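>>> Sequence plus predicted model, see below.
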Amino acid sequence: MDLQLLKSSFRNIFNTEPVLVKSPGRINIIGEHTDYNDGFVMPAAINKAIYVAVSKRDDHEIHLYSESYQQKHVSSLDNIEKSEKGWANYILGVADQIKKRGYNFTGFNLYLDGNVPLGAGLSSSAALECATAFALNHLNGLGISQMDLALISQKAEHEFAGVNCGIMDQFASVFGKKNHAVMLDCRSMKYVYIPLNLEGYKLVLLNTNVKHSLADSAYNKRRLQCEQGVAWVKAHFPKINSLRDVSVGMLDEFVKPKDLDIYQKCRFVVEEIERVVKAADQLANGDLVALGELMFATHEGLSTNYEVSCKELDFLVNFVKDFDGVLGARMMGGGFGGCTINIVRDERIDVLIEQVKISYKKEFNLDLDAYVVETGNGSELAV
Ligand code: GLA
């Protein structure tokens with residue numbers, strides 16, 4: 001990203017000097033749909049980010065400009081309302097949350113640009129929320145902790161975007177660390193950085209370039225299904241509050257007889273939480289073959305049991321299954337489109353990308369994008 005250009009674009013619109021903030025998108029090695037079930041996740045921040053240029057205003061107005069959409073939006077701090085412009089809601093939602101927590105801050109100008117592909121499941125929206133939260137905190141010296149920046153951003157997504165997401169994306173966008181994944185326990189919110197030593201291999205994202213409209217409603221429905229499963233177990237074990245504490249045996253006994261669909265959903269989550277714990281050991285031991293197998297198992301579960309995949313994602317995972325040099329692959333993120341994440345041997349990356357692009361085009365008449373992942377740091381001032 002050209003920071004000088006970012007600054008001059010801001011100056012042209014707002015006629016004053018900005019502060020620049022950068023918040024990255026994320027990948028997730030393993031641990032899907034586990035965050036809102038008090039489980040573990042293992043995301044990493046990437047070197048693609050949302051950039052915001054911001055300055056304080058003397059009044060209570062909020063003036064926004066999106067470079068990608070070439071759109072302006074003006075609102076007031078005194079009456080923050082949802083906009084019909086999706087992009088603006090992520091910013092307004094964060095301002096609203098900070099205000100609701102009782103912090104005093106001034107109106108602001110914000111210019112937004114970035115290089116996280118939109119709608120690709122790389123959490124560009126979480127990155128925008130975190131960049132806004134970081135910027136308002138910095139500009140006004142509010143002293144909000146990093147964890148609260150992530151939680152504020154998550155709440156903004158719930159209230160202004162209507163997706164009851166877990167904490168993974170916003171956490172990764174704030175806490176990411178170059179060359180590391182971070183394993184987060186979403187119950188205690190304790191985390192450890194795990195060095196991403198992939199000697200001879202790289203992580204490759206294959207972007208389906210589709211985002212099926214089902215995504216948000218299905219996500220919220222899965223969340224409710226998990227809660228229902230927990231409630232049935234809790235009736236017998238009152239101390240249990242989430243799938244984190246539930247075993248397959250409990251599901252067999254208390255959920256399966258009630259609803260097979262909910263049983264399948266809950267069972268996937270319970271097994272996925274176990275896979276993350278195993279994956280952490282495998283990554284630490286450099287056992288990429290075993291890690292790859294777990295990733296395939298996660299995909300199978302997401303596709304057939306949790307039912308959040310789609311034909312494009314399944315095609316890409318099937319394509320690489322027997323491809324020499326690919327150790328593991330799975331769909332990544334909420335589902336119904338976006339990217340698959342693949343562990344691929346260095347010298348096989350180019351040929352894989354070339355071949356999969358041709359086959360994908362043939363099958364769906366769609367172009368596929370591929371990115372070789374580089375990790376990056378979490379939200380910070382951009383200089
Ligand atoms: C989306 C949500 C996350 C997480 C993933 C699935 O990215 O924002 O909180 O639940 O889906 O793992």
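Yep, that arrived. Residues are numbered from 1 along each chain as shown.

>>> Spit out the contact partners of Leu218.
One thing to correct before we go on: residue 218 is Ala, not Leu. 308, 335-336 (C-beta atoms under 8 Å, 6 or more residues apart in numbering). Quick note: C-beta positions are derived from backbone N, CA and C, even for glycine.

>>> how does it look with 7 Å?
Shown in contact with Ala218 (C-beta atoms under 7 Å, 6 or more residues apart in numbering): 308, 336.

>>> Leu251 too?
So Leu251 contacts 229, 263, 266-267, 270 (C-beta under 7 Å, 6+ apart).

>>> neighbour-wise, which of those residues leads?
Cys266 (30 neighbours; other C-beta atoms under 10 Å).

>>> So which bits of the stretch 251-383 of the chain are right by the ligand?
Residues of the stretch 251-383 of the chain lying close to the ligand (C-beta under 6 Å from any ligand atom) are 333-334.

>>> Can you name the residue of the stretch 251-383 of the chain that approaches the ligand most closely?
The ligand sits closest to Gly334 of the stretch 251-383 of the chain, with a gap of 3.4 Å, by C-beta to the nearest ligand atom.

>>> just checking, that residue touches Ser217?
No. When contacts are counted by C-beta atoms under 7 Å, Gly334 is not listed as touching Ser217 (11.3 Å).

>>> the helices in the stretch 151-300 of the chain, which residues?
Taking DSSP state H, counting those that start in this stretch, the helices of the stretch 151-300 of the chain run over residues 168-175, 215-234, 248-250, 260-284, 288-300.

>>> List the contacts of the fourth one.
Read it as helix 260-284. Here helix 260-284 has contacts from 29-34, 37, 39-42, 183, 194, 222, 225-226, 228-229, 243-244, 246-248, 251, 255-256, 290-291, 294, 297-298, 301, 305-306, using C-beta under 7 Å, 6+ apart.

>>> Tell me where the model's unsure across the chain.
For the chain, no stretch has pLDDT under 70.

>>> Swap in 90 and give it another go.
118-119, 212-217, 383 (pLDDT under 90).

>>> buried set for the helix or strand containing Asp314?
Using DSSP states H and E, Asp314 sits in helix 311-321. Counting neighbours by 16 or more other C-beta atoms under 10 Å, one finds that the buried residues in helix 311-321 are 312-317, 319-320.

>>> now swap in stretch 335-351 and tell me
Quick answer for stretch 335-351 (16+ other C-beta under 10 Å): 335-345, 348-349.

>>> could you pull out the strands for this protein?
Secondary structure of the chain (DSSP state E): strands at 19-28, 40-41, 43-56, 61-66, 71-76, 108-114, 180-185, 191-195, 201-211, 326-331, 337-345, 369-372, 380-381.

>>> Now tabulate the ones you listed in a markdown table and tack on distance to Phe237.
Below are the strands of the chain laid out as a markdown table (distance: least, C-beta to C-beta, whole Å):
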| stretch | distance to Phe237 |
| --- | --- |
| strand 19-28 | 30 |
| strand 40-41 | 21 |
| strand 43-56 | 30 |
| strand 61-66 | 47 |
| strand 71-76 | 47 |
| strand 108-114 | 45 |
| strand 180-185 | 21 |
| strand 191-195 | 28 |
| strand 201-211 | 38 |
| strand 326-331 | 31 |
| strand 337-345 | 35 |
| strand 369-372 | 44 |
| strand 380-381 | 43 |
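
>>> Of all those strands, which one is nearest Asn137?
strand 19-28 (9.6 Å; C-beta to C-beta).

>>> Paired strands for that closest one, with orientation please.
Sheet pairing of strand 19-28 (DSSP bridges) gives strand 43-56 (antiparallel), strand 380-381 (antiparallel).

>>> Can you give me the distance of the nearest residue to Asn137 once chain neighbours are set aside to the ligand?
Among residues not flanking Asn137 along the chain, Ile144 sits closest, at 4.6 Å (C-beta to C-beta, 6 or more residues apart in numbering). Per C-beta to the nearest ligand atom, to the nearest Å, Ile144 is found 20 Å from the ligand.

>>> Ile144: neighbour count?
Using other C-beta under 10 Å: Ile144 sits among 19 other residues.

>>> What subset of the contacts of helix 260-284 is buried?
Counted by 16+ other C-beta under 10 Å, the contacts of helix 260-284 give 29-34, 37, 39-42, 183, 194, 222, 225-226, 229, 243-244, 246, 251, 255-256, 290-291, 294, 297-298, 301, 305-306 as buried.

>>> before we move on, the earlier item: in contact with the residue of the stretch 251-383 of the chain closest to the ligand: list those residues for me.
121, 215, 219, 308.

>>> how about 8 Å then?
By C-beta under 8 Å, 6+ apart, the contact list for Gly334 reads 33, 121, 165, 215, 219, 308.

>>> Check Ala131 too.
Counted by C-beta under 8 Å, 6+ apart, Ala131 has contacts 21-23, 49-52, 112, 379.

>>> How much space separates the most centrally placed residue in the chain from the ligand?
Nearest residue to the geometric centre of the chain (C-alpha atoms, centre = their mean): Asp169, 3.4 Å. Note on Asp169: its distance to the ligand, by C-beta to the nearest ligand atom, is 4 Å.

>>> All set, thanks.
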